[in-house]
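In: show me the folded form of this:
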Amino acid sequence: MHLPIAKAIINSMTLTEYLQSGRKTASELARELGIAPSMIYQYRMGLRTVPARRCPDIERATGGVVTRKDLRPHDWHEIWAELKEMA
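Out: Below is the predicted model:
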């Protein structure tokens with residue numbers, strides 16, 4: 001049974017929604033990812049696309065609530081074929 005994945009899909013949200021929920025601050029998330037808080041801001045505002053290599057880290061850091069699909073809605077299926085099979 002794949003309950004954690006199902007739970008993540010049900011509770012899926014954008015990075016902005018996640019941070020607004022109060023689960024973590026942008027600074028906490030940035031610290032956990034080893035990047036500057038300004039990068040989180042740029043991702044949230046659409047000023048910079050989240051690099052594909054960074055998406056799994058964000059997905060893990062948010063407990064699967066912000067998914068790779070949420071972070072890369074237009075090309076996730078081209079990057080992570082295994083997710084396409086699960087959809």
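
In: tell me, please, the helix or strand in this protein that averages the lowest pLDDT.
Out: Sorting the helices and strands of the chain by mean pLDDT, DSSP states H and E puts helix 3-10 at the bottom, at a mean of 46.

In: next secondary structure after it?
Out: Using DSSP states H and E, the helix or strand that follows helix 3-10 in sequence is helix 15-20.

In: need the contact partners of that next one.
Out: Residues from elsewhere that reach helix 15-20 (CB atoms under 8 Å, 6 or more residues apart in numbering): 24-26, 29, 40, 43-44, 50, 58, 62, 65-66, 70-71. Heads up, the C-betas are built off the backbone N, CA and C, glycines and all.

In: among those, name the buried ones.
Out: By neighbour count, with 16 or more other CB atoms under 10 Å, the contacts of helix 15-20 hold 24, 26, 29, 40, 43-44, 50, 58, 62, 65-66, 70-71 as buried.

In: reformat those as JSON lines; add pLDDT and secondary structure.
Out: Converted to JSON lines, the buried ones among the contacts of helix 15-20 look like this (pLDDT from 0 to 100; DSSP: H, G, I helix; E, B strand; the rest coil):
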{"residue": "24", "pLDDT": "96", "secondary structure": "coil"}
{"residue": "26", "pLDDT": "97", "secondary structure": "helix"}
{"residue": "29", "pLDDT": "98", "secondary structure": "helix"}
{"residue": "40", "pLDDT": "97", "secondary structure": "helix"}
{"residue": "43", "pLDDT": "96", "secondary structure": "helix"}
{"residue": "44", "pLDDT": "94", "secondary structure": "helix"}
{"residue": "50", "pLDDT": "97", "secondary structure": "coil"}
{"residue": "58", "pLDDT": "97", "secondary structure": "helix"}
{"residue": "62", "pLDDT": "96", "secondary structure": "coil"}
{"residue": "65", "pLDDT": "94", "secondary structure": "coil"}
{"residue": "66", "pLDDT": "96", "secondary structure": "coil"}
{"residue": "70", "pLDDT": "93", "secondary structure": "helix"}
{"residue": "71", "pLDDT": "95", "secondary structure": "helix"}
